[in-house]
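Enquirer: build the 3D model from these lines:
(2 chains)
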There are 2 protein chains.
Amino acid sequence: MHGHILRHLQFLTIQSTQLSLLSLVAVCQWSSITEKTSYKTFKKRREHHAMSTNFINGEANTDYESLITPLLSSQRPLVNSTSQVAIVGAHVCPIESLDYEIAENDFLKQDWRSRGKMQIFQYVLMKWLLCFLIGLIVSLIGFFNNLAVENIAGMKFVVTSNMMMLNRFGMAFLVFSVSNLILTLVASIITAFIAPAAAGSGIPEVKAYLNGVDAPGIFSLRTLVIKIIGSITAVSSSLLVGKAGPMVHTGACVAALLGQGGSKRFKLTWRWLRFFKNDRDRRDLVTCGSAAGIAAAFRAPVGGVLFALEEMASWWRSALLWRSFFTTAVVAIVLRALIDFCLSGKCGLFGKGGLIMFDVYSESVTYHLIDVLPVLTLGAIGGILGSLYNFLLDKVLRIYNRINEKGVVYKILIACAISIFTSCLLFGLPWLASCQPCPSDASEACPTIGRSGNFKKFQCPPGQYNDLASLIFNTNDDSVRNLFSKNTKFEFQFSSILIFFVTCYFLSIISYGIVAPAGLFIPVIVTGASYGRFVGMLVGSHSNLDHGLYAVLGAASFLGGSMRMTVSLCVIILELTNNLLLLPLIMLVLLVSKTVADAFNSNIYDLIMNAKGFPYLETHTEPYMRQLTVGDVVRGPLQVFQGIEKVGNIVHVLSTTSHNGFPVIDEPPLSESPVLYGLILRAHAIELLKKKAFMPTPVPIGTDALKLFYAGDFLKRGSSNGDKIEDLQFTEEEMEMFLDLHPFTNASPYTVVDSMSLAKALILFREVGLRHLMVTPKISGRSPVVGILTRHDFMPGHILDLHPMLARSRWKRLRIRAPRLFKLF
Amino acid sequence: MHGHILRHLQFLTIQSTQLSLLSLVAVCQWSSITEKTSYKTFKKRREHHAMSTNFINGEANTDYESLITPLLSSQRPLVNSTSQVAIVGAHVCPIESLDYEIAENDFLKQDWRSRGKMQIFQYVLMKWLLCFLIGLIVSLIGFFNNLAVENIAGMKFVVTSNMMMLNRFGMAFLVFSVSNLILTLVASIITAFIAPAAAGSGIPEVKAYLNGVDAPGIFSLRTLVIKIIGSITAVSSSLLVGKAGPMVHTGACVAALLGQGGSKRFKLTWRWLRFFKNDRDRRDLVTCGSAAGIAAAFRAPVGGVLFALEEMASWWRSALLWRSFFTTAVVAIVLRALIDFCLSGKCGLFGKGGLIMFDVYSESVTYHLIDVLPVLTLGAIGGILGSLYNFLLDKVLRIYNRINEKGVVYKILIACAISIFTSCLLFGLPWLASCQPCPSDASEACPTIGRSGNFKKFQCPPGQYNDLASLIFNTNDDSVRNLFSKNTKFEFQFSSILIFFVTCYFLSIISYGIVAPAGLFIPVIVTGASYGRFVGMLVGSHSNLDHGLYAVLGAASFLGGSMRMTVSLCVIILELTNNLLLLPLIMLVLLVSKTVADAFNSNIYDLIMNAKGFPYLETHTEPYMRQLTVGDVVRGPLQVFQGIEKVGNIVHVLSTTSHNGFPVIDEPPLSESPVLYGLILRAHAIELLKKKAFMPTPVPIGTDALKLFYAGDFLKRGSSNGDKIEDLQFTEEEMEMFLDLHPFTNASPYTVVDSMSLAKALILFREVGLRHLMVTPKISGRSPVVGILTRHDFMPGHILDLHPMLARSRWKRLRIRAPRLFKLF
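Expert: Numbers count the residues shown, from 1 in each chain, chains lettered A, B, ... in the order given. Predicted coordinates for the structure are as follows:
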C-alpha cells in the first residue's frame, strides 16, 4: 500500500536556499521588473529516475512504471534564464506582462458591485464613442500622411524632372540626393533621439502587446508624433519603406492613448474614462486601432478587420469583430469624404497616388485551365522568394542590431548611407535602360507631364520615354499602379522589369532596419508586382492573362510567402485592386505560396519578434510539452507573504526581487494548516506601502481599509512606469509594523496542480490570458503553493535549455524542413 | 484573530442526504444522461446573512463587512432545474456536453508519449487531406443540390407555363399545387420518420455543437442523406425555404462523418484516422465543414470562412482560419469547374439560377451625400422589420412545437397545409396585378420564354407581362435576381412589390417551422430585396441610386436585422453581387440595421437555439455573475469515488445517477488527509467495468492495467450512443471486488476555489472549453472538493431561478429595450 502511494505522490522537502539576487538589466530608465516569482526551493525525491531517463532517449518504454514517473531528472538550474529584455523599436528595454486576469480583491469587487445601470451605460457608450474617435482620428492621420507624402515627394520629383528637362542632370541628382538625405536625417534623428520606440514598422511590437507583452513607450504620445512625422519624411525621402506598418502602429497608439483613462499630467481626467483603466479593455481598443490602421493605409475596411483578427490579435471575441468593423466603417466613410474633397483639386499634388485604390478592373477577367500551371508556378516560386526574403531580412536586422549597439551615431550613419545608396540607384539605374518610343495609342500623355504617369521622360529625347524610370524614379504607390495597369504588355522591357525586381528585393531588405518608421507592406507589394510581371513576360503568349494581372498575382504570392496571412491578404488585395473576379486565382496563389514558404521558416513578423526578443505565446503547443509536467518547469526561489505581514519583510522582498506577483499564505496562527489565500501584485503592494496603512500589531485591518483606499487606487494606469519601491522611505518604526494584505489580495487566482502536463497548463494560460499561474502541490504538503508560472516559463527556448535532452528527442516539433538551404548564407 | 478567520473562511459541515433519483426524461431511445454530478450536501453557515440580503436590494452598502460576506442566502434548491433535453431538428432528445478538455489519464498520456515523427506526420497529412475531402464532397453536394432543384422546379414551371399559354388555368393550378404537395409530402415524411434531426436549417444545432453541446443524431449518415433529399424536395416544392442553412448542416455532417475515425459497423477503420477520435479535432473539422457549406451555397469562399468564424464557431485559432480557407478554396475551384462544364448546356434546365452569382455590377456606382439619408432610413427600418421577423418566427416556432408534440401526423399535416396555402398564394396573387406592356428596349425576350427571366406572361395577352408573376411565380433564386437587376426602374409596379414583400415576410415565417430541411438565408434575402426595392420606389427621384442597388441594400439591412452578422454578411453580399464599390454603403446599412435590431432582441439563431433548449454558453458574462461566487451556484448531491473503489459502489452510483464525471478522492488509509486525485468520466468507468479488471482486495492494479487496456479504449467515438451501464451484468462475487481507478482517472482536472466569482469561472469554462469544472474549498475542510460545475450551472435562466432577487436587482444585464412593443402580439 505504501509503495503505491509513494509511486503516485511526490514528497516534497523544503530546502532552504540563499536568496540570490538576479542581476538586473537596467538598460532603460525603467528598473527592470521581471515576471518570475522566487522561492524556497523544493527538491523532489523520485524513485524511478533511471527508468525515466531511459524513456527520454526515444525508446517507447511501455512499462507501467514509466507512465507515472516524472520524465525528467531534478537537476535543473534555479532561475529562468529567459531574457527579460527586448528590442522595442530601436532600443533595448525591459518588458513586462499585461494583467488580463480579473484581479478579485475586495476593492475591485466593490467597484464592480457598486456599478449601476448608469455606470454600465456610460461604459457601453464610451466603448462605442472611443471606437468612433479611433476611426475618425486614424483616418484623418492616414489622409494627412498621404497628403504630406504626395506633396513632399511629388514636389521633389517635379523639381528634379524639370531640371532634367533642361538637361541639368548633375544639378538634378544633387537636388534629388540632398533632399533625400535631409529627409532621411530628419526621420532618423527624431526617431533615435526623441522616440526610439517609433522605429521600424511597429507591427511586431503591437502584435506582442496584443499577446500580453507590455513594451514600455510604444504607446506614448511622443511615439505617436514621431511615428507620424518620421513615417512621412522617411517615405518622402524615396527610401524603399512602406507606410502601412507605421499606420498600424499609429492606429494602435491612438487607441491606447484614448483608452488610457485620461492623463493626470495633462489634467485630462474624466470619470467616464475610468472604466478603461485596465489591460483588458485597452487590449480591445488597440485591436480596433490596428484594424483602423490597415483600413486607412489601404482603404480596405474589411481587410483591416481581418488583418487585426488574423495577424495581430491573440484573443478575439465576436463582440470585438463587431466593434472593429464599426471602427473601420468610420475610417472608410471619412476617407471617402476627404478624397471626394480632394478630387476638386484642393490638395496640391495629391494625385491619383496614395489612397486611391490600384484599380485594375477589367470588364471580364477570363482565365482557363491553361492558365493554372503558370499561376501555380508563380505561387510556388513566390513562396520560395518570400521565405528567402524573410531569412535575409532577419539576418540583416541582426547585423544592424550589432552595429546599433555601438551607439546612436552609428544608427544615423547607417540611415544616411542607405539614403545615399538609394538615391544613387534610383538616379543611376534608369540610365541603363534604353529609351522607348511613345506608343501611338497611349491613353495618357507621353512622355508624362507632371509627376505621375507611366511614361517618364528621364534622359530620353522628346517622343520617347524611359520605362525603368517610370518604375524606379517614382513614388512606390505610382510604381505599383504602373505595374498593375492593364493592357500595358509592350510598355515595359524585360530587362527593366528584371533590374527593378532585383533592386527592390535587396533594397527593401537593407532599408527596413534603419532607425526610422518603416513598413514592409508596400516594399513587398512592389517587389512582388515586379516579380509577377516578370513571370508574365516569361510566360508570354502561353497564357491569356494580362501582365497587369500577373503583377497582382505576383504581389499576392510574395505577400503570402513573406507575411503568411490568408483570408486577410486575400481581402486586402481584392479591396486594393477592386476586382472580385480575381478571387479564385488569388486564393490559389496564396495557398501555394504560403504552403511552400511555411516549409522553410515562419512569417516575417514572428521572425522579427523573435529577433527582438519578445516572449510571444503561441497558440499551439509543441509536442514535447505533452511530455513535461508543470512541476518540471516551475522554478524559484518562491517568495511568499503571510496574510498579515511585517512591513519590513514586504519592503525587503520588493526591493530584493524583481517579481510582480507574490502568493499570500495564511499560516497556522491564522488558520489550521497553511492555506493559499491568493496572489498580490507588486503594484498593489507598493500602493499599500505608499499609503502607509500600517498597524502596530498583527490584527486584521477590518473596515479601516475602506477609509484609506478606494478602488481607483488599484486600477491600472496606461503608462507602464508606476511607482517604484526605491522611491518610498520608511522609518525604523514603520518597518516593525504590520500590514493586513487580505483585502488587497486577489483571492481567486487560477491554479493548477503540479502533475498537470505543460501543454494543458499552456492552454489555460494562453486562452484565459494569464500573467501568473499558481502551481499547487498534488498533496497538501508543507507549503500550499509550489511556484508560479509566467509567460517566460512557457517559452520553447527556455524549456529546451532546461531539458536539453528534449531537443534531441523525437518529440521535437515536426516541420517539413527543406535541406538546410539557407544555412549557406 | 479568530473572528477574522471566521469572517474570511466559510466553514463547511457535511450533511448526509438521501440520494434522490432524478426523474429521467427518456423521450428518445437514448437514456437521458445529464451533466450534473451529484453529492453529499454541503450547507454553509454564514454570519452576515441579513447584511447580504440587504445588499442585494440595490442599496450600495459600502460597509466593509458586506464586501467579504457572501451575497446570497443559503436557501436554495438541491438540484439544477435546467432542462437536460432539447429539440434537435424536430425531435426532443437528451443532450450532453462534449469533452474538449485534454483528459490526462495514464493511458492517454501513454498514447501521446508513444507518438513519433511518423504519427505526427500522419496526423498533419490527414488533417489537410480531410479538409480537401470536405471541400470536394461539399462542393459536389452543393452543385448536385442546385442541379436537382433547378431541374425539378424548372420542369414544374415550364409545364405549368405551357398550360397557361393554352389558357388551361385550372389544369395548370392543379398540376402546380399537386406537384408541390407531393414534393412537400416526400420531404416531410422522410424527415419525420427517418431522420427528425434533419428538420429545420440545422444551423442552430451545428452552432450548439461547436459550442460544446452534443445533440444526438445530428451528424449521422442517415441525417445527411435525408438532409440532402429533403432540402431538394422542399425547395423544389416552391415553399419559401432556403437551401443555405441545410448546406451548412450538410457540410458539418460530412466533416463530422469523415472525422469519426471510420466506422466499426461498416468495417471502415483505418489507423491513420484514429487521431481524430476526440471532440477537439472533430470540432475543427465541423467548423471547416460549415464554412464549406456557406461557400458552396453562395459561391462565397471568403464569406464562408467568415461566416464560420463569426456566427458558428465558439473557439477559433488562426490555424483554423488557414484550414477553413483551404477548404473553401477547394469548394470555389471545384464549383467553378463544374459551372464551366454546365455552361456548355449539359445540365438540363440548370440555367442562370442557382449557383451563378447575382451579378449586379455596373461600371461606376456613384453615390453622393444626398443618398445617405434614404440609405440610413432603409437600414433603420430594415433593422426594426428584421427584429420583428425574429420575434414572430420565434412565436410561430413555439406554437408549432406545441402542435408537433401531439404526434407525427400533425407535423406532416402542418407541412401539407402550408404547401397548399403557398401554392394558392403563388398562383392566386399574380391575378391581382395588372398586365404591363412589354418595354420596347427590353434586353431580353418579352414575355419570357422558358423558365427564368424578368417578364412572365402568366395570364396576360401577348406583348404584355405580369410583373408580380415574374417575382412570385418563380424560384426564389430567380426572384432575387430579378429584384437585384439594374436599370429596371419601370419594370415593376408599386403594388406588385408591396404584395410580394408582405407575402414573403409572412410566408417565410410560417414556412420555416415545418418538419423538413428549411433554411432562412434565401427567404430573408428575398424579403429584404423586395423591401429595399419598395423603399427605392418610395424615394423615387430624390435619390440617384438604382432600384437594383436599393434591393441589394434592402437585403443587407434585412439580413443585418435578422441574423446580426457584420463582416461575414458584408463579404457574402459583396461576393454574391460581385461589386466592391458597394462596400461603404453596405457597411453603413449593416451597422445601422444591426444596431437598431439589437435593441429589441437577439439574433435569429440564438432565439431558435433558446426556443429549442440548447444550453449555449455565451462569451460575455452577465453583470450579476460578478456578484455571485462559484459557491453560490454549485450544488449537488456530489457523488465521489475512492481511489480504489468497490465494484458494487461504482455500479450503484452509475445506475442511480445520470452524471458524466465523478471526482476520485484518496482518503486516509491511502493518504494522510483526503486528497482530490482527479476526475473520472462515466464512459471510462463503464469501459473499466466492461473489461472486468477487478481485484479481490483493495490493492493498486499496477502494471496489470497495461495488459488489460490500451489507449484506444479511452478515445471517444463519434456517435454519442456508447455503452450503457444497464447492459452490463455482474455476479454477486464481482460486486464485492475492487477496482483501482487511479490509472484511468484524469489526474489534472481544472479546479477553481469556491470563492471565485462566477464571471471569472465562466471565462475559464468558456475559453478553455470545459465540460466539468471542479470546485475546491478555500480551506482544506473535510472534503477536498465542493462540487462540479457544468455548462448548465452557467445558464442565466438557471442562475436567476436559483437567486430570484437578482432578476429584480440593478445588475441585470443592461439592454436598451424599446417599450414592450412586441408584447402586443
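
Enquirer: residues contacting the nearest residue to residue A:617 once chain neighbours are set aside?
Expert: Leaving aside its sequence neighbours, residue A:617 sits nearest to residue A:766 (Cβ to Cβ, 6 or more residues apart in numbering or on different chains; 5.2 Å). Yep, even glycine has a C-beta here, placed from its N, CA and C like the rest. When contacts are counted by Cβ atoms under 8 Å, 6 or more residues apart in numbering or on different chains, residue A:766 is found next to A:314, A:617-619.

Enquirer: and if you look at residue A:508?
Expert: Residues in contact with residue A:508 (Cβ under 8 Å, 6+ apart) are A:240-241, A:520, A:523-524, A:526-527.

Enquirer: relative to chain B, how far out is it?
Expert: Look at residue A:508 and chain B: by Cβ to the nearest Cβ, to the nearest Å, they are 26 Å apart.

Enquirer: and if you look at residue A:572?
Expert: Residue A:572 sits 11 Å away from chain B, taking Cβ to the nearest Cβ as the criterion.

Enquirer: ok, residue A:457 next?
Expert: 32 Å.

Enquirer: then residue A:525?
Expert: The spacing between residue A:525 and chain B, counted by Cβ to the nearest Cβ, is 18 Å.

Enquirer: any idea which helix or strand comes after the helix or strand containing the residue nearest to residue A:617?
Expert: In this structure, residue A:766 is located in helix A:758-768 according to DSSP states H and E. Scanning the chain past helix A:758-768 towards its C-terminal end, the next helix or strand to appear is strand A:773-776 (assignment: DSSP H and E).

Enquirer: what about the residue lying closest to residue A:799 once chain neighbours are set aside, how many residues nearby?
Expert: Take residue A:799 and drop its neighbours on the chain: the residue closest to it by Cβ to Cβ, 6+ apart is residue A:633, 6.1 Å away. The local packing of residue A:633 (other Cβ atoms under 10 Å in any protein chain shown) involves 24 other residues.

Enquirer: quick one: the strands in the stretch 51-200 of chain A, in order.
Expert: For the stretch 51-200 of chain A, applying DSSP state E, counting those that start in this stretch gives strands covering A:85-88, A:91-94, A:96-97.

Enquirer: just list the residues touching the residue nearest to residue A:799, thanks.
Expert: Residue A:633 sits in contact with A:758, A:789, A:793-794, A:798-799, A:802, where contact means Cβ under 8 Å, 6+ apart.

Enquirer: kindly recompute the last result at 10 Å.
Expert: A:72, A:76, A:80, A:625, A:758, A:761, A:775, A:787, A:789, A:792-795, A:798-799, A:802-803 (Cβ atoms under 10 Å, 6 or more residues apart in numbering or on different chains).

Enquirer: show the buried residues in these.
Expert: By neighbour count, with 16 or more other Cβ atoms under 10 Å in any protein chain shown, these hold A:72, A:80, A:625, A:758, A:761, A:775, A:787, A:789, A:792-795, A:798-799, A:802-803 as buried.

Enquirer: among the residues you listed, which two are most distant?
Expert: Maximum pairwise distance in the buried ones among the contacts of residue A:633, criterion Cβ to Cβ, is 18.4 Å, between A:72 and A:792.

Enquirer: tell me, how many neighbours does the nearest residue to residue A:310 once chain neighbours are set aside end up with?
Expert: With Cβ to Cβ, 6+ apart as the criterion, residue A:310 has its nearest non-adjacent residue at 4.4 Å, and that residue is residue A:568. With neighbours defined by other Cβ under 10 Å, the count for residue A:568 comes to 27.

Enquirer: as CSV, the contacts of residue A:508 with distance to residue B:276, neighbour count and pLDDT would be great.
Expert: Rendered in CSV, the data for these read as follows (distance: Cβ to Cβ, whole Å; neighbours: other Cβ atoms under 10 Å in any protein chain shown; pLDDT from 0 to 100):
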residue, distance to residue B:276, neighbour count, pLDDT
A:240, 47, 27, 93
A:241, 46, 30, 93
A:520, 38, 26, 93
A:523, 42, 27, 94
A:524, 37, 25, 95
A:526, 43, 29, 94
A:527, 41, 29, 96
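
Enquirer: so which of the residues you listed belong to helices?
Expert: In helices, defined here by DSSP state H, the members of the contacts of residue A:508 are A:523-524, A:526-527.

Enquirer: ok, then the element right after whichever strand or helix holds residue A:652?
Expert: Applying DSSP H and E as the criterion places residue A:652 in helix A:647-656. Remark: after helix A:647-656, the chain's next helix or strand is strand A:661-666, criterion DSSP H and E.

Enquirer: touching chain B at all, the helix or strand following that following strand?
Expert: Remark: after strand A:661-666, the chain's next helix or strand is strand A:675-681, criterion DSSP H and E. Yes - Strand A:675-681 reaches chain B (Cβ under 10 Å from any Cβ of the partner chain) through A:675-678.

Enquirer: most neighbours of all these, which one?
Expert: Taking other Cβ under 10 Å to define a neighbour, the member of those with the most is residue A:677, carrying 28 neighbours.

Enquirer: right, and it touches residue A:666 too?
Expert: Yes - the pair formed by residue A:677 and residue A:666 meets the contact definition of Cβ atoms under 10 Å, at 5.1 Å.

Enquirer: in a helix, residue A:618, correct?
Expert: No - judged by DSSP: H, G, I helix; E, B strand; the rest coil, residue A:618 forms no part of a helix; its state is coil.

Enquirer: check contacts around it.
Expert: Residue A:618 touches A:211, A:314, A:602, A:606, A:762, A:766, A:794-796, B:319, counting by Cβ under 10 Å, 6+ apart.

Enquirer: quick check: it vs residue B:280, distance?
Expert: 17 Å (Cβ to Cβ, to the nearest Å).

Enquirer: got the residues of the stretch 251-400 of chain A near chain B?
Expert: Contacts of the stretch 251-400 of chain A with chain B, taken as Cβ under 10 Å from any Cβ, map to A:299-302, A:305-306, A:309-311, A:313-326, A:328-330, A:332-333, A:335-337, A:340, A:357, A:359, A:361, A:363, A:367-369, A:372.

Enquirer: what segments of the stretch 351-500 of chain A are helices?
Expert: Ranges of helices in the stretch 351-500 of chain A, per DSSP state H, counting those that start in this stretch, are A:372-404, A:408-428, A:467-472, A:476-484, A:494-512.

Enquirer: what is the least confident helix or strand in chain A?
Expert: Among the helical and strand segments of chain A, the one scoring lowest on mean pLDDT, DSSP states H and E is strand A:12-14, with a mean of 28.

Enquirer: excluding chain neighbours, what is closest to residue A:232?
Expert: The shortest distance from residue A:232 to any residue that is not its chain neighbour, by Cβ to Cβ, 6+ apart, is 4.5 Å, and that residue is residue A:148.

Enquirer: distance check, residue A:552 against residue B:428.
Expert: In terms of Cβ to Cβ, residue A:552 sits 52 Å off from residue B:428.

Enquirer: who has more neighbours out of those two?
Expert: A count of neighbours by other Cβ under 10 Å puts residue A:552 above the other of residue A:552 and residue B:428, at 32 against 11.

Enquirer: isn't the more buried one right up against residue A:579?
Expert: Yes - with contacts counted by Cβ under 10 Å, residue A:552 reaches residue A:579, the gap being 8.1 Å.

Enquirer: just how off-centre is stretch A:149-164 within its chain?
Expert: Put simply, stretch A:149-164 sits 35 Å off its chain's centre (Cα atoms, centre = their mean, to the nearest Å).

Enquirer: buried stuff in that stretch?
Expert: By 16+ other Cβ under 10 Å, the buried positions in stretch A:149-164 come out as A:149-154, A:156-157, A:160-161, A:163-164.
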